[in-house]
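*Asks:* Provided below are the primary sequence and the corresponding predicted coordinates.
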Amino acid sequence: MKLKVDIEKRLGDFCLRTAFEAEGITGLLGASGCGKSMTLKCIAGIERPDRGTIELDGVTLFDSSRGIDLPPQKRHVGYLFQNYALFPNMSVRQNILCGLHHEKDKAVREKQLETMLSTFGLTGLEKHKPAQLSGGQQQRVALARILVTKPQLLLLDEPFSALDSYLRLRLQLEMRETLVSFGGPVLMVTHDRDEAYRMCDRIAVMDNGRTAAPKKTKELFANPESLSAAVLTGCKNRAAARKVGEYEMEVPEWGIHLTTALPLRDNLCGVAIRAHYFQPRSDRNRFPVLFVREMEEPFEWVIQFRIPGQKEQTENLWWRLPKDRRPQKMPEALGIAPENVLPLYPTEDL
Amino acid sequence: MFAYLSTISLYPLWNSLRIAAITGVLVFFAGILCAYYVARLPRVIKGILDVILTLPMVLPPTVCGYFLLLVFGAKRPLGIFLQQFGIRFVMTWYGGVLSAFVVAFPLMYRTARGAFESFDENLAYSGQTLGLSNTYIFWRIRMPACRQGILAGVVLAFARALGEYGATSMLIGYTPGRTATISTTVYQLWRTNDEMGAFFWVAVNLVISAVVLLAVNLLERRQKKAVKA
């Protein structure tokens, strides 16, 4: 089961040009307004791309050159909207039955409805209207209503953004199980790197209407490679950099040289370092630091510092460390393991 | 007093009610269809159509009547053409439906468009991805969600049709027992110094208007309760 997308759509000044293949649980990670939701809408058939092809499991859903454009009703694509889009005038039961309207046999319909209600823990809520349900219950009704149609592909548009953070984590755990047992390809749009990391096998980074090829989640976080991927995966410290040796780069803004674990390519354009990766005791990539300010969080310290040779007008650097590892006295120098120095390359060369 | 009341023909009440009721039904379908399709048109065409469809609301009703006579008059091409099929809008009670329709339509169209514009389009999209037909989505999801605005539009249009005077008097005049409506009767009786008669019809008008307004308020309160639940 595989989804192949290669589409282009212009909207005023914005141009969406996206091409990727997805299987398993794939995340589309991008800032708001980068075209994530538009991509989902094109795949579902709600929006029509200007040109390109969309193929699902060998079936062409859209092909501008052959004039194929299946209506959303015929695409067998399940779409979970950000606000769940439950029909407010219908009860939970009626909402789920909407996904079963093609099933003529009443007994079969009732049986499938019952299965869905019990799978999603909705038994007893059949007669409730969506407005009477909690956010988590609404999400489960929406999922039940989609899965009862037996879709070939699931599209999830920011599925947890409407929930508070406690509920979010619990539903992410549950949703992950549901998605794994669904088995088909899932495309999930999010701007939240933690959510993407928890839920997705692979992640494609979207930036300004372009999509990078999906990478395995851990690989993307270990080596984001592009500036947009570094930003979206939460690298706090970023600067322009230049290659000066096989494993060595110069970072003029910070006034230091850094060594890496992997050989550098000639078109190196920047460097990113995660706030967690500075080590007070490391002797690799060691440089003196000046502390600016600090702030306490429930389980971590957030510390801002500068490097003595750092250019003025550049941002302070961020260091995060667990509370139990905070030294009595702030160290006068910090180091970074070479594998944690993340090289960045221009997006168009990747 | 009672002797006087028994002499009054209730024809104007019946005529006004049937004109308003038929207009209400016609305006309901025409208003939601126009509101639904106009909202989807490209911006320039939408703007132009919007002006044309709303114009009767701001024009003096007599001007609307003038235009109706210009189009449907007995000596005008369309009027002559329709008469071959025995349809004549001038000086007939169903001509009153035409004039009331033109004047009341913008009220329905405007309120329905407002309701459609505040509809969450994702509901329609999710219906489509669930395999529901567009007709089903329109009548079973879009319309119920916009129920309040549409009902308000119908009630407003009905009330406006019931009280229509300007365009109606120009198109169908005042013939007792044939084209007389409540509003034309009030004017006619007052003009002929029948103050008692005029007052009776004014009272009828007041009662009907009060009932309509009460109905609107009740509807709104029920909707608010439903939203809260």
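*Replies:* It's in. Numbering: from 1, shown residues only, chains lettered A, B, ... in the order given.

*Asks:* show me the contacts for residue 93.
*Replies:* No chain was given, so I picked chain A. For A:Arg93, the contacting residues are A:Leu113, A:Leu117, A:Glu126, A:Lys127, taking CB atoms under 8 Å, 6 or more residues apart in numbering or on different chains as the criterion. Heads up, the C-betas are built off the backbone N, CA and C, glycines and all.

*Asks:* ah, no, chain B please
*Replies:* B:Trp93 sits next to B:Asn15, B:Arg18, B:Ile19, B:Ile172, B:Arg178, B:Thr179 when contact means CB under 8 Å, 6+ apart.

*Asks:* if we use 7 Å, what do you get?
*Replies:* Counting by CB atoms under 7 Å, 6 or more residues apart in numbering or on different chains, B:Trp93 makes contact with B:Asn15, B:Ile19, B:Ile172, B:Arg178, B:Thr179.

*Asks:* just those residues now: which is nearest chain A?
*Replies:* The closest of the contacts of B:Trp93 to chain A turns out to be B:Ile19 (CB to the nearest CB; 32.5 Å).

*Asks:* does A:Met206 lie in a helix or a strand, and which?
*Replies:* Element membership of A:Met206 [criterion: DSSP states H and E] is strand A:202-207.

*Asks:* need the contact partners of the very next helix or strand once past that strand.
*Replies:* Sequence-wise, the next helix or strand downstream of strand A:202-207 (DSSP H and E) is strand A:210-211. Where contact means CB under 7 Å, 6+ apart, the residues beyond strand A:210-211 that reach it are A:Arg17, A:Thr18, A:Ala19, A:Phe20, A:Ala204.

*Asks:* show me which of the residues you listed are buried.
*Replies:* Among the contacts of strand A:210-211, those that count as buried by neighbour count (16 or more other CB atoms under 10 Å in any protein chain shown) are A:Arg17, A:Thr18, A:Phe20, A:Ala204.

*Asks:* sketch out the low-pLDDT regions of chain B for me.
*Replies:* Filtered on pLDDT under 70, chain B yields the residue ranges B:1-2, B:223-229.

*Asks:* what parts of it come near chain A?
*Replies:* Within reach of chain A by CB under 7 Å from any CB of the partner chain, chain B has these residues: B:122-123, B:125-126, B:128-132, B:141, B:144-145, B:229.

*Asks:* got a quick ChimeraX command for the buried subset of these?
*Replies:* Typed into ChimeraX, the line below selects the buried ones among these, using 16+ other CB under 10 Å:
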select /B:122,123,125,126,128,129,130,131,132,141,145
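
*Asks:* report the two of the residues of chain B next to chain A separated the most.
*Replies:* Maximum pairwise distance among the residues of chain B next to chain A (CB to CB): 29.4 Å, between B:Gly131 and B:Ala229.

*Asks:* can you give me the buried ones in the lengthiest helix in chain B?
*Replies:* Residue-count comparison of every helix in chain B, with assignments taken from DSSP state H, identifies helix B:195-228 as the longest. By neighbour count on 16+ other CB under 10 Å, the buried set for helix B:195-228 is B:Gly197, B:Ala198, B:Phe200, B:Trp201, B:Val204, B:Asn205, B:Ile208, B:Val212.

*Asks:* nearest to B:Thr185, of those?
*Replies:* The nearest member of the buried residues of helix B:195-228 to B:Thr185, counting by CB to CB, is B:Trp201 at 5.2 Å.

*Asks:* all helices of chain A, in order?
*Replies:* Ranges of helices in chain A, per DSSP H, are A:36-44, A:92-97, A:106-119, A:135-147, A:165-182, A:193-199, A:217-222, A:227-232.

*Asks:* quick one: average pLDDT of the fifth one?
*Replies:* Think helix A:165-182. Regarding helix A:165-182, the rounded mean pLDDT is 91.

*Asks:* so which elements touch that helix?
*Replies:* helix A:135-147, helix A:193-199 (3 or more CB pairs under 7 Å, 6 or more residues apart in numbering or on different chains; DSSP states H and E).

*Asks:* now with 6 Å, please.
*Replies:* Packing partners of helix A:165-182 (3 or more CB pairs under 6 Å, 6 or more residues apart in numbering or on different chains; DSSP states H and E): none among the helices and strands.

*Asks:* list the contacts of that helix.
*Replies:* Applying CB atoms under 6 Å, 6 or more residues apart in numbering or on different chains, the contact partners of helix A:165-182 are A:Ile25, A:Gly136, A:Phe160, A:Val186, A:Arg198, A:Met199.

*Asks:* closest residue of the stretch 201-350 of chain A to chain B?
*Replies:* Of all residues in the stretch 201-350 of chain A, the one sitting closest to chain B is A:Met206 (20.6 Å; CB to the nearest CB).

*Asks:* isn't that residue up against A:Leu28?
*Replies:* Yes. Shown here, A:Met206 and A:Leu28 form a contact pair, counting by CB atoms under 6 Å, at 5.5 Å.

*Asks:* which neighbours do the two share?
*Replies:* A:Lys36.

*Asks:* and these two? Which one has more around it.
*Replies:* Regarding A:Met206 and A:Leu28, a neighbour count based on other CB atoms under 10 Å in any protein chain shown identifies A:Leu28 as having more, with 29 against 25.

*Asks:* isn't that one right up against A:Lys36?
*Replies:* Yes. Here A:Leu28 reaches A:Lys36: they are 4.9 Å apart, a contact under CB under 6 Å.

*Asks:* quick revisit: same for the longest helix of chain B, what does it pack against?
*Replies:* Against helix B:195-228 (3+ CB pairs under 6 Å, 6+ apart) you get helix B:147-163, helix B:182-191.

*Asks:* may I see the buried residues of the longest one?
*Replies:* Right, the one you point to is helix B:147-163. Of the residues in helix B:147-163, those buried by neighbour count under the rule 16+ other CB under 10 Å are B:148-163.

*Asks:* which residues touch A:Ala272?
*Replies:* The neighbourhood of A:Ala272, defined by CB under 6 Å, 6+ apart, consists of A:Ala230, A:Cys235, A:Arg238, A:Leu342, A:Leu344.

*Asks:* for the second one, report the pLDDT, please.
*Replies:* It stands for A:Cys235. pLDDT for A:Cys235: 93.

*Asks:* who touches it in this structure?
*Replies:* Shown in contact with A:Cys235 (CB under 6 Å, 6+ apart): A:Ala272, A:Arg274.

*Asks:* check A:Glu294 too.
*Replies:* Under the criterion of CB under 6 Å, 6+ apart, the contact partners of A:Glu294 comprise A:Trp301, A:Ile303.

*Asks:* kindly provide the distance from it to A:Trp318.
*Replies:* Here the criterion is CB to CB, to the nearest Å. By it, A:Glu294 lies 11 Å from A:Trp318.

*Asks:* repeat for A:Arg176
*Replies:* 30 Å.

*Asks:* and the two? Which one has more around it.
*Replies:* Taking neighbours as other CB under 10 Å, A:Arg176 and A:Trp318 compare with A:Trp318 leading, 17 against 14.

*Asks:* the more buried one bridge partners, please.
*Replies:* Listed beta-bridge partners, A:Trp318: A:Gln304 (assigned using DSSP bridges).

*Asks:* is it in contact with A:Gly234, as I believe?
*Replies:* No. A:Trp318 is not in contact with A:Gly234 according to CB under 6 Å; the separation is 10.4 Å.

*Asks:* A:Tyr84 is in contact with A:Gly138, correct?
*Replies:* Quick fix: residue A:138 is Gln, not Gly. Yes. Contact status for A:Gln138 versus A:Tyr84: in contact at 4.9 Å, counting by CB under 6 Å.

*Asks:* compare the two (neighbour count), which wins?
*Replies:* Between A:Gln138 and A:Tyr84, counted using other CB under 10 Å, A:Tyr84 has the larger neighbour count: 24 against 21.
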